[in-house]
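>>> pasting the structure only:
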């Protein structure tokens, strides 16, 4: 008798949940292979690149940094347990290969900018010579959405659709700063109207083709656009339309 497949068919809801877990993660459990070949699990602070791939900032003194240098294969578990049974809360296990982003490259600059937007206190040590940014290139994922809700996800189901335009990368930081400095009320309305969050000093931490990331202290929320941005020129009209909709309740 064949065993029943424990995984459900991956649908849009599962993909949305997996992306939300990635985009809102403040930290994760990073699993690597130690020098002796044994599994090694450590905690790391997490941000995401514009396409959704996780970004980490690690010290050369850390055991996991040496492990990644020897073998880039790794796994990242994200999803905060909250109240009650920790196994009743959604979590995502990502299979990935770690890529060190060399200082002075465009990729490293974008990673640093997005990571520090998410973890501003890291500015104290991000520039230290023994710290490096790594991008965890997803190869697939296992999503547990709760009891009897298990899914397998492919790389393309974890990352933003299509390619991220250079123009969007170029204007993102200016847009984030402009919204936080000049339109803080709209940012707060995004959080309350679209993410069900309580009012407060919410800030934008990132804008990507599929949505926006918001933070208030240790809280994080994800708001998806109705449709992915096809071009950087669509960003402003979409944010304005969202602000009007949120203001209207």
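Looks like it arrived, so ask away. What you see is a predicted model, and the numbers here were worked out from it, not measured in a lab.
>>> which secondary structure elements does the lengthiest helix in the chain contact?
With secondary structure taken from DSSP state H, the chain has its longest helix at helix 166-182. If contacts are counted by 3 or more CB pairs under 8 Å, 6 or more residues apart in numbering; DSSP states H and E, helix 166-182 sits against helix 106-118, helix 184-195, strand 203-208, helix 235-247. Any C-beta I mention is one placed from the backbone N, CA and C, and that applies to glycine too.
>>> if we go to 10 Å?
helix 106-118, helix 184-195, strand 203-208, strand 211-216, helix 235-247 (3 or more CB pairs under 10 Å, 6 or more residues apart in numbering; DSSP states H and E).
>>> Mean pLDDT, mean neighbour count and distance to residue 43 for those - can I get that in CSV?
As requested, the helices and strands packed on helix 166-182 are arranged in CSV below (pLDDT from 0 to 100; neighbours: other CB atoms under 10 Å; distance: least, CB to CB, whole Å):
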stretch, mean pLDDT, mean neighbour count, distance to residue 43
helix 106-118, 95, 18, 16
helix 184-195, 97, 19, 25
strand 203-208, 97, 23, 20
strand 211-216, 98, 22, 19
helix 235-247, 96, 15, 34
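>>> Return the distance of the longest helix of the chain from the chain's centre.
Counting by CA atoms, centre = their mean, to the nearest Å, helix 166-182 is centred 18 Å from the centre of its parent chain.
>>> Would you mind listing the outside residues contacting that helix?
49-50, 106-107, 109-110, 113-114, 117, 164-165, 186-187, 190, 201-209, 212-213, 229-236, 239, 243 (CB atoms under 10 Å, 6 or more residues apart in numbering).
>>> May I see the buried residues of it?
Using 16 or more other CB atoms under 10 Å as the test for burial, helix 166-182 gives 168-169, 171-172, 175-176, 179-180.
>>> burial count for residue 135?
22 (other CB atoms under 10 Å).
>>> Show me what it bridges to in the sheet.
According to DSSP bridges, the residues that bridge with residue 135 are residue 55, residue 99.
>>> May I see the helices and strands packed on helix 166-182 organised as CSV, with distance to residue 37 added?
Below are these laid out as CSV (distance: least, CB to CB, whole Å):
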stretch, distance to residue 37
helix 106-118, 29
helix 184-195, 43
strand 203-208, 37
strand 211-216, 37
helix 235-247, 47
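>>> And the ones you listed: which comes nearest residue 6?
Closest of those to residue 6 is strand 211-216, at 30.1 Å (criterion: CB to CB).
>>> Centre of the chain to that closest one, how far?
10 Å.
>>> Over to stretch 143-158?
Using CA atoms, centre = their mean, the offset of stretch 143-158 from its chain centre is 16 Å.
>>> distance between the ends of it?
11 Å (CA to CA, to the nearest Å).
>>> ok, and for that stretch, which residues are buried?
Those would be 143-145, 151-153, 157-158, for stretch 143-158 by 16+ other CB under 10 Å.
>>> Sort out for me which of those are in strands.
143-144, 151-153 (DSSP state E).
>>> hang on, the earlier thing: among the buried residues of stretch 143-158, which one sits closest to residue 80?
Distances from residue 80 to the buried residues of stretch 143-158, taken by CB to CB, are shortest for residue 144, at 13.4 Å.
>>> So what sits opposite that closest one in the bridge?
Under the criterion used (DSSP bridges), residue 144 bridges to residue 91, residue 150.
>>> For it, give its distance to residue 199.
Applying CB to CB, to the nearest Å, the value for residue 144 to residue 199 is 32 Å.
>>> Could you do residue 169 as well?
31 Å.
>>> go on, residue 240?
From residue 240 to residue 199 the distance is 21 Å (CB to CB).
>>> Break this protein into its domains for me.
12-158, 166-247 (automatic domain parsing).
>>> where in this structure is pLDDT low?
Within the chain, the segments meeting pLDDT under 70 span 1-4, 249.
>>> which residues touch the closest residue to residue 34 other than its chain neighbours?
Nearest residue to residue 34, sequence neighbours excluded (CB to CB, 6 or more residues apart in numbering): residue 40, at 4.2 Å. Contacts were defined as CB under 10 Å, 6+ apart; by that measure residue 40 touches 30-34, 63-64, 66-67, 74.
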